[in-house]
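Chemist: Fold the following, please.
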Amino acid sequence: MSKHKLKYQNIKKCINKLVIYNLALVINLFVYSFIFLPNALGSEPSSTNFKIESYSFGGGGMSGGSSTNFKLNGVLGEVESGQISSTNFKSGNGLSFLQTVNVPPAPTFTNPSNYYNKLSITLNNGGNPTDTKFAIAISPDAFVSTTKYVQSDDTIGSSAVWQTNTVWGSSGFTIIGLTPGTTYTVKVSAMQGNFTQSAYGPTASAATINPTLSFSLSTNSLNIGTLTPGTVVSSSTVTTTISTNGTGGAGIYAYDNNSGLLSNSTGSTITSSTSNLGSVTSGYGLQGTSVTQSSGGPMEIDSPFNVSSNNVGILNTTKQLVFDSTNAPVTSGQGVFVLKAEASSTTKEATDYADTLTIIAAATF
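Modeler: So this is what the prediction gives:
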């Protein structure tokens, strides 16, 4: 073998070894890079209240992967911009997970009875599990600068309260303690043990109205007729009409100036009393004859005026309740009454027997 050929073979062996070494170096570098790559991502996702020690990014979840005591969750991925959303779901930027509770749709929020200090609300479960808890945010300025939360006693406060729809009231409930003449906006968030808390969902609005009270009388004068000894006479009827949205309802009161029918010319008085005029020698009083209402209430006649025939209740200078709406708001509540009187054979004759009644309406707000 020539000297030049021997040198060529030695050079070829060296080149082959160099290629093998270089290949091994590339493989080692690749392995080491793969092993240490996670460290380049920085620290684990965390906040004041949580830290994810082990995490990964992926393109979707999986079906199955569970047993009685075990469940394997997939990873939805990361939203770089915009929002993924549907009717009951919304996901913002950042990490998103497969198990996110449905965002509750807007609740039903109404003022069904002209309330001035409360509103009715019914939550929408949004397809969430029955043990899902909900928090209700409420604002008098559409959440521009004020956010309050419905409390467990149905008032409003500063901290969110989480309760199931059943506890809140699956058929609806009333939020109380609101300001009259104000439009309120509500929105709902959901939370369940296996899921992350949802965002607050779409809003709904309803308005309280201002307190109202209206009252009228069908007439402001009565003629009781001719007083004949031993005969009970009745006046024409007076109809009182009242409407109010007061939560405690309304009352109609009466009092008179003379505690009876007074003749200024003779100074004689046919004294008022609670009695059966057919069984006494003389007397005078008021009798409630009927009550009705368009809605609310119901109206009722109060004692001692809830009598019939020739019975009457006493009228004097003390204000007395004649009609009421049974502690409930009422629309066009009516109470009708008459005055009844009887003179005796000893009553002084006169043409000016008269009385002045004052009728008062009041509501409880």
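
Chemist: Now do the longest strand seen in the chain, average pLDDT.
Modeler: Taking DSSP state E as the criterion, the chain has its longest strand at strand 330-342. Strand 330-342 carries an average pLDDT of 97.

Chemist: Which is the succeeding secondary structure element to it?
Modeler: strand 353-354 (DSSP states H and E).

Chemist: roughly how far is that next one from the heart of the chain?
Modeler: The chain centre lies 53 Å from the centre of strand 353-354; the measure is Cα atoms, centre = their mean, to the nearest Å.

Chemist: tell me what that strand is packed against?
Modeler: On a contact count with 3 or more Cβ pairs under 8 Å, 6 or more residues apart in numbering; DSSP states H and E, strand 353-354 meets strand 260-263. Glycine gets a C-beta too; all of them are placed from N, C-alpha and C.

Chemist: Restrict the strand it packs on to CA atoms and write it as PDB.
Modeler: Extracted in PDB, the C-alpha atoms of strand 260-263 (Å, rounded to 0.1, in the frame of the first residue of the first chain):
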ATOM      1  CA  GLY A 260    -124.000  64.500  68.000                       C
ATOM      2  CA  LEU A 261    -126.600  66.600  66.200                       C
ATOM      3  CA  LEU A 262    -126.500  70.100  67.600                       C
ATOM      4  CA  SER A 263    -129.200  72.800  67.400                       C
END
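
Chemist: name the helices or strands packed onto that strand?
Modeler: strand 268-271, strand 353-354.

Chemist: Direction included, what does it pair up with?
Modeler: Looking at strand 260-263 with DSSP bridges, its partner strands are strand 268-271 (antiparallel), strand 353-354 (antiparallel).

Chemist: Quick one: these as CSV, columns for mean neighbour count and mean pLDDT too.
Modeler: Shown next, in CSV, are the strands paired with strand 260-263 (neighbours: other Cβ atoms under 10 Å; pLDDT from 0 to 100):
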stretch, mean neighbour count, mean pLDDT
strand 268-271, 18, 97
strand 353-354, 19, 96
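
Chemist: could those go into JSON lines alongside distance to S171?
Modeler: Below are the strands paired with strand 260-263 laid out as JSON lines (distance: least, Cβ to Cβ, whole Å):
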{"stretch": "strand 268-271", "distance to S171": "56"}
{"stretch": "strand 353-354", "distance to S171": "57"}
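
Chemist: circling back: and the longest strand of the chain, what's buried?
Modeler: V330, T331, G333, Q334, G335, V336, F337, V338, L339, K340, A341, E342 (16 or more other Cβ atoms under 10 Å).

Chemist: Same check on stretch 116-133?
Modeler: 116-126, 128, 132-133.

Chemist: Now those residues in a markdown table, please, with extra columns for secondary structure, pLDDT and distance to F305.
Modeler: Output for the buried residues of stretch 116-133, formatted as a markdown table (DSSP: H, G, I helix; E, B strand; the rest coil; pLDDT from 0 to 100; distance: Cβ to Cβ, whole Å):
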| residue | secondary structure | pLDDT | distance to F305 |
| --- | --- | --- | --- |
| Y116 | coil | 94 | 30 |
| N117 | coil | 94 | 31 |
| K118 | strand | 94 | 32 |
| L119 | strand | 97 | 37 |
| S120 | strand | 98 | 36 |
| I121 | strand | 98 | 41 |
| T122 | strand | 98 | 42 |
| L123 | coil | 98 | 46 |
| N124 | coil | 96 | 49 |
| N125 | coil | 94 | 51 |
| G126 | coil | 93 | 54 |
| N128 | coil | 93 | 56 |
| T132 | coil | 95 | 55 |
| K133 | strand | 96 | 53 |
